[in-house]
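Colleague: Show me how the following folds:
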Amino acid sequence: MESPVLTDAEIVARTLRDTSAFALLVERYEAKLLRYVRRLGVRNVEDGEDVLQEIFLKVYKNLNAFDNSLSFSSWIYRIAHNEAISFYRRKSVRPEGHQIPDSDDVLMWLPENDTTSAEQLFDTSVNASALKSALAALDNKYRDAIILRYFEYKEYDEISDILKIPIGSVGTLIHRGKKQLAEVISPEHVTI
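Modeller: Numbers count the residues shown, from 1 in each chain. The predicted structure follows:
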């Protein structure tokens, strides 16, 4: 008999009664959060693991304060975002870049050129290192919104919760970020 998949809220409630259940939250979010902090620029493996450990320590310490009426996913991503920023402040270093896979998914949000047919756009690919460089060149506020939306697949309301900005601002940041990204990516990085 299969065991039912617990929601985040159910796991949080269980953890508050039995701390060993916290392992379920770690298991569910470890890979996602590590990928997220790496995309924010924490490229060194040891540093990424340190940041991840700090994230889970903060989550564990503040689990009693979690408001069940909110999304746990947004709450934990907000903590991850803050810990990545704190990492840079502690280390006084700049982010090293973003880990971007070669993927057609990246292209779904690049603006279509009037002279480019849908078939050409589908066949277009962007060099991953060029995309890393382009993302690194974006203003931080745009980069954070772009990464959350298109690489972490978060909805606007979740991004609003994570970045602590109004939902209307999320759309503006993403729109301006896409525009800035399109300006940064030069034609020699796109192959048809």
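Colleague: I'd say residue 134 and residue 185 touch.
Modeller: Yes - the criterion here is CB atoms under 8 Å, and residue 134 meets it with residue 185 at 4.8 Å. To be clear about C-beta, it is placed using only N, CA and C from the backbone, and glycine gets the same treatment.
Colleague: So for the two, which sits in the more crowded spot?
Modeller: A direct count of neighbours by other CB atoms under 10 Å for residue 134 and residue 185 places residue 134 higher, at 22 against 19.
Colleague: pLDDT score for the more buried one?
Modeller: Reported pLDDT at residue 134 in the predicted model: 81.
Colleague: can you pull the buried residues of the strand or helix carrying it?
Modeller: Per DSSP states H and E: residue 134 is located in helix 128-137. Applying a neighbour-count criterion of 16 or more other CB atoms under 10 Å, one finds 128, 130, 131, 132, 133, 134, 135 buried in helix 128-137.
Colleague: what domains does the record give for this protein?
Modeller: Listed domain ranges for the chain are 8-91, 104-191 (source: automatic domain parsing).
Colleague: Which elements pack onto whichever helix or strand residue 88 is part of?
Modeller: Residue 88 belongs to helix 72-91 when assigned by DSSP H and E. In terms of contacts (3 or more CB pairs under 8 Å, 6 or more residues apart in numbering; DSSP states H and E), helix 72-91 is packed against helix 8-17, helix 22-39, helix 45-62, helix 156-163.
Colleague: Next, the angle from that helix to helix 8-17.
Modeller: Taking axes from the mean of the first three to the mean of the last three CA atoms, to 10 degrees, one finds that helix 72-91 is oriented at 70 degrees with respect to helix 8-17.
Colleague: what's in contact with helix 72-91?
Modeller: 8-9, 12, 25, 29, 33, 36-37, 40-42, 47, 50-51, 54-55, 58-59, 62, 66, 94-95, 144, 148, 152, 154, 157-158, 161-164 (CB atoms under 8 Å, 6 or more residues apart in numbering).
Colleague: how distant is it from the center of its chain?
Modeller: Offset of helix 72-91 from its chain centre (CA atoms, centre = their mean, to the nearest Å): 11 Å.
Colleague: Any buried residues in it, and which?
Modeller: 72-81, 83-84, 87.
Colleague: which residue is nearest the middle of this protein?
Modeller: Nearest residue to the geometric centre of the chain (CA atoms, centre = their mean): residue 148, 3.7 Å.
Colleague: Now for that residue: which residues touch it?
Modeller: Counting by CB under 8 Å, 6+ apart, residue 148 has contacts 77, 154, 158, 159, 162, 163.
Colleague: Which pLDDT value goes with it?
Modeller: According to the prediction, residue 148 has pLDDT 91.
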